[in-house]
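K.L.:
structure for the following, please:
(2 chains)
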Number of protein chains: 2
Amino acid sequence: MALIVQKYGGTSVANPERIRNLARRVARYKAMGHQIVVVVSAMSGETNRLLNLAKEIMPEPDPRELDMMLSTGEQVTIGLTALALMELGLKAKSYTGSQVKILTDDAFTKARILSIDDHNIKQDLDDGYVVVVAGFQGVDANGNITTLGRGGSDTTGVALAAALKADECQIYTDVDGVYTTDPRLVPEARRLSKITFEEMLELASQGSKVLQIRSVEFAGKYKVKLRVLSSFEDEGDGTLITFEEENNMEQPVISGIAFNRDEAKITVLGVPDKPGIAYQILGPIAEANIDVDMIIQNTGADGTTDFTFTVHKNEMNKALSILRDKVQGHIGAREISGDDKIAKVSIVGVGMRSHVGIASKMFRILAEEGINIQMISTSEIKIAVVIDEKYLELAVRVLHKAFELEEA
Amino acid sequence: MALIVQKYGGTSVANPERIRNLARRVARYKAMGHQIVVVVSAMSGETNRLLNLAKEIMPEPDPRELDMMLSTGEQVTIGLTALALMELGLKAKSYTGSQVKILTDDAFTKARILSIDDHNIKQDLDDGYVVVVAGFQGVDANGNITTLGRGGSDTTGVALAAALKADECQIYTDVDGVYTTDPRLVPEARRLSKITFEEMLELASQGSKVLQIRSVEFAGKYKVKLRVLSSFEDEGDGTLITFEEENNMEQPVISGIAFNRDEAKITVLGVPDKPGIAYQILGPIAEANIDVDMIIQNTGADGTTDFTFTVHKNEMNKALSILRDKVQGHIGAREISGDDKIAKVSIVGVGMRSHVGIASKMFRILAEEGINIQMISTSEIKIAVVIDEKYLELAVRVLHKAFELEEA
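P.N.:
Model prediction:
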């Protein structure tokens, strides 16, 4: 008998029929003798409906009152889910975040979980109930309702699993696991039965939008066994995300290929090479709340340096005008240019640590296809390159094949 | 400076524009220096939407889970209302029933209020906030969310006014007060500036659907000054419902005329006149959950008696078949008949107590118009008669005129 936390996102509870499906799955797990805690999101579309209603009244809604409203989305779903479980003859009981209670700080709309009281849930589980908990929400020390921000239901699931010392936290989503790369791009992409947390973090931050990064970090911190599964298929074991690098010997060298078409490259050419240049360039960008991803600085021979970084495509023009208006004259840069026809491709794998030559193999394979590399960035378990956008599909396909990631 | 509780029903918060109207009214009261607590219902239609969603999953939804869901309707409205008040520059803060806390028993879907903690609200009012409270809901001793049943928001308003010792509880609705009779029937009907609780109870139970009877009883018990006002008009003082019979000398003899077209009359003829007959007839009716309104028994000369009572029109046939199947043979009744072409007309007024001849005046006026009286029932402040349905409008009009209830 195991204690399992199952988290279902908005598309898995989008309508009564899907909620009934969810209940049938829970009933099967219950029949195997497991204790089940279900965490649900709001029905898909509901959070946006409520947000728009609030904005109609107040364009920038007060965050406390917004949380008061948004938290109702999950509250409706827990009631419906408990009813669906009862309709199948199970004992079920729903809890809001406040009722649990999931104590958070008072940073409305992006609160952090401080502690979880597991007393009621454990009692109910021992009494044979399936416990249904509202994701995405908590309560602060003064009894105000808070929400955890977008994707917060994943965090609720993982945090509950940690607090209850659950055997596994299952995240049900509309894909059936984590793949070596996007199957829409490479039909031979293979579902990974296992992946480490670090790899998952790299894959997630590189654009594999399966899980909220924050919940993965949380799972790593509290050593929660996390599994990604499809809520639309009854078969399959999904992908297990482990915090131990087991069987490192048998681990493939790289686990997956991530890519991202949403970045643009900005280059500051001919900057006098002296201390403080990076801050002078990126300071005004950060002040404008523009997120920067890759950063590269190369020293030239003539006492000047070239400085390149990437931002989201939507923010390239804003970043360019900040640099031209406030920075260029100030630092004496020769030229500032932007390019939004780029793509980033990353290979990820803990196996890299114990293998040399992975980077050179990657570069060779791209060179053989005539693909020029514009930027390179590496971490211990990841090598990312920026290339011309038009070569993205080709690059992912040849790398996938060269590193032997295909379906067995 | 007064402390005023204002309750707004579902039609008064049906959309953002109406919520903004509500906020503007509150702002005017605040500008006069008053402290304001606003109680709101769910946006009209929302409670039914949630109820239907629940029934789609479980035809007879578990009451605890249903309350979990239904309570979200008001929770959305309090957030929107607080936002609308802030948008006007006021300080505002919303509370769910649980947050207040409005402690109830655990009779889900029809809970009764046990106590109200006024601490947070008083603090906020003293700090200059408009406090917005979710109507219709509370929390039981175990932290479960409860609802008070249909019309429960009126009860929340009155209970809060009692707990806070408010100077007045204002109920905003889609009519601008209580009238001498239905203005759609008698254009000369006059809005009453004042009415006693007892009269209000009689008028409400007779079909003037302005206020929930339960909230009126509650107001009477705790001596809360209640005022009915229109949320669609900015002028007018509505109708004040008082618990003291002030200025009894100047009080008109009758205050209003209520009527009801929804009842049907059932007659049991030729019943042997012996003890226990009333129970033998009405017992099976009550067991079938059929509500009975008027009851009359007349003893005849031949040792038999005629027994007549009224039920809702929709239940006449059910009541008739119960009587014919289970009762008639058993008690030896000669005949059982039903008539759904009837109407009930009542005159109501505390002034009746100190005036004789009101009943005879009523009967004379009806007789002068050739209207036959089929049943009569009286209380200390009410005389109700059952007449042929087709004479209803005529009866109300001539009584309204004879008792001088017209617009001054």
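
K.L.:
ok, the closest residue to chain B within the stretch 301-408 of chain A - contacts?
P.N.:
Per CB to the nearest CB, residue A:314 is where the stretch 301-408 of chain A lies closest to chain B, at 28.2 Å. C-beta coordinates here come from the backbone N, C-alpha and C atoms, glycine included. Not one residue lies near residue A:314 by CB atoms under 8 Å, 6 or more residues apart in numbering or on different chains.

K.L.:
which pLDDT value belongs to it?
P.N.:
Note for residue A:314: predicted pLDDT of 92.

K.L.:
three-state assignment of the residue of the stretch 251-400 of chain A found nearest chain B?
P.N.:
Of the stretch 251-400 of chain A, the residue with the smallest distance to chain B, taken as CB to the nearest CB, is residue A:289 at 24.4 Å. Here residue A:289 is recorded as coil under DSSP: H, G, I helix; E, B strand; the rest coil.

K.L.:
what do you get for residue A:338?
P.N.:
Classification of residue A:338 using three-state DSSP returns strand.

K.L.:
you'd agree it is up against residue A:318?
P.N.:
No: using CB atoms under 8 Å, residue A:338 makes no contact with residue A:318, being 10.5 Å away.

K.L.:
show me which residues of chain A are close to chain B?
P.N.:
Applying CB under 8 Å from any CB of the partner chain, we find that chain A lies next to chain B at A:16, A:19-20, A:50, A:53-54, A:56-58, A:61-62, A:64-66, A:68-69, A:71-72, A:75-76, A:78-80, A:82-84, A:86-87, A:92-94, A:96, A:98-99, A:143-145.

K.L.:
emit the PyMOL select command for whichever of the residues you listed are buried.
P.N.:
Only the buried entries of the residues of chain A next to chain B go into this PyMOL selection, using 16 or more other CB atoms under 10 Å in any protein chain shown:
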select buried, chain A and resi 16+19+20+50+53+54+56+57+58+61+62+64+65+66+68+69+71+72+75+76+78+79+80+82+83+84+86+87+92+93+94+96+98+99+144+145
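
K.L.:
find the least confident helix or strand in chain A, judged by mean pLDDT.
P.N.:
Taking mean pLDDT, DSSP states H and E as the measure, helix A:197-205 is the helix or strand of chain A with the lowest mean score, a mean of 77.

K.L.:
on the pLDDT front, check residue A:240 for me.
P.N.:
For residue A:240, pLDDT reads 91.

K.L.:
for it, helix, strand, or coil?
P.N.:
strand.

K.L.:
beta partners for it?
P.N.:
Beta-bridge partners recorded for residue A:240 (DSSP bridges): residue A:194, residue A:227.

K.L.:
just checking, residue A:84 touches residue A:22?
P.N.:
Yes: using CB under 8 Å, residue A:84 is in contact with residue A:22, at 7.0 Å.

K.L.:
would you list every one of the helices in the stretch 301-408 of chain A?
P.N.:
In the stretch 301-408 of chain A, the helices defined using DSSP state H, counting those that start in this stretch lie at A:316-322, A:328-331, A:358-368, A:392-402.

K.L.:
CSV please, covering the ones you listed and showing mean neighbour count.
P.N.:
Formatted as CSV, the helices of the stretch 301-408 of chain A follow (neighbours: other CB atoms under 10 Å in any protein chain shown):
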stretch, mean neighbour count
helix A:316-322, 17
helix A:328-331, 14
helix A:358-368, 15
helix A:392-402, 18
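
K.L.:
can I get the ones you listed in CSV including distance to residue B:276?
P.N.:
Shown next, in CSV, are these (distance: least, CB to CB, whole Å):
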stretch, distance to residue B:276
helix A:316-322, 89
helix A:328-331, 104
helix A:358-368, 97
helix A:392-402, 90
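
K.L.:
show me where pLDDT drops low in the stretch 101-250 of chain A?
P.N.:
By pLDDT under 70, the weakly predicted segments of the stretch 101-250 of chain A are A:204-210, A:244-250.

K.L.:
now do the SS call for whichever residue of it sits closest to chain B.
P.N.:
With CB to the nearest CB as the measure, residue A:143 is the residue of the stretch 101-250 of chain A nearest to chain B, at 5.5 Å. Secondary structure state of residue A:143, per three-state DSSP, is coil.

K.L.:
same check, this time on residue A:254
P.N.:
Applying three-state DSSP: residue A:254 is coil.

K.L.:
any idea how far it is from residue B:14?
P.N.:
58 Å (CB to CB, to the nearest Å).

K.L.:
the more surrounded of the two?
P.N.:
Shown here are residue A:254 and residue B:14; by other CB atoms under 10 Å in any protein chain shown, residue A:254 has more neighbours (28 against 17).

K.L.:
now the residue nearest to the more buried one when sequence neighbours are not counted: how far from residue A:192?
P.N.:
Leaving aside its chain neighbours, residue A:254 sits nearest to residue A:349 (3.4 Å; criterion: CB to CB, 6 or more residues apart in numbering or on different chains). Distance of residue A:349 to residue A:192, computed by CB to CB: 11 Å.

K.L.:
which one's more surrounded, these two?
P.N.:
When residue A:349 and residue A:192 are compared for neighbours, residue A:349 comes out ahead with 26 against 22, by other CB under 10 Å.

K.L.:
where's that one relative to residue A:387, distance?
P.N.:
Counting by CB to CB - residue A:349 and residue A:387 are separated by 20 Å.

K.L.:
could you do residue A:240 as well?
P.N.:
For residue A:240 relative to residue A:387 (CB to CB), the value is 32 Å.

K.L.:
partner residues bridging residue A:344?
P.N.:
Beta-bridge partners recorded for residue A:344 (DSSP bridges): residue A:260, residue A:386.

K.L.:
what count of nearby residues applies to it?
P.N.:
Residue A:344 has 25 nearby residues by other CB under 10 Å.

K.L.:
identify the residues contacting it.
P.N.:
Applying CB under 8 Å, 6+ apart, the residues near residue A:344 are A:206, A:259, A:260, A:263, A:293, A:294, A:310, A:384, A:385, A:386, A:387.

K.L.:
surely the third one and residue A:343 touch.
P.N.:
Yes: at 6.8 Å, residue A:260 and residue A:343 qualify as touching, with contact defined as CB under 8 Å.

K.L.:
from residue A:285, how far off is residue A:326?
P.N.:
Between residue A:326 and residue A:285 the computed distance is 10 Å (CB to CB).

K.L.:
between the two, who's got more neighbours?
P.N.:
Taking other CB under 10 Å, residue A:326 and residue A:285 do not tie; residue A:285 has more neighbours (21 against 16).

K.L.:
give the contact list for the closest residue to that one other than its chain neighbours.
P.N.:
The shortest distance from residue A:285 to any non-neighbouring residue, by CB to CB, 6+ apart, is to residue A:319 (5.7 Å). Residue A:319 sits next to A:266, A:285, A:288, A:290, A:311, A:338 when contact means CB under 8 Å, 6+ apart.

K.L.:
mind jotting down where the helices sit in the stretch 101-250 of chain A?
P.N.:
Counting by DSSP H, counting those that start in this stretch, the helices of the stretch 101-250 of chain A are A:119-126, A:152-163, A:197-205, A:213-221.
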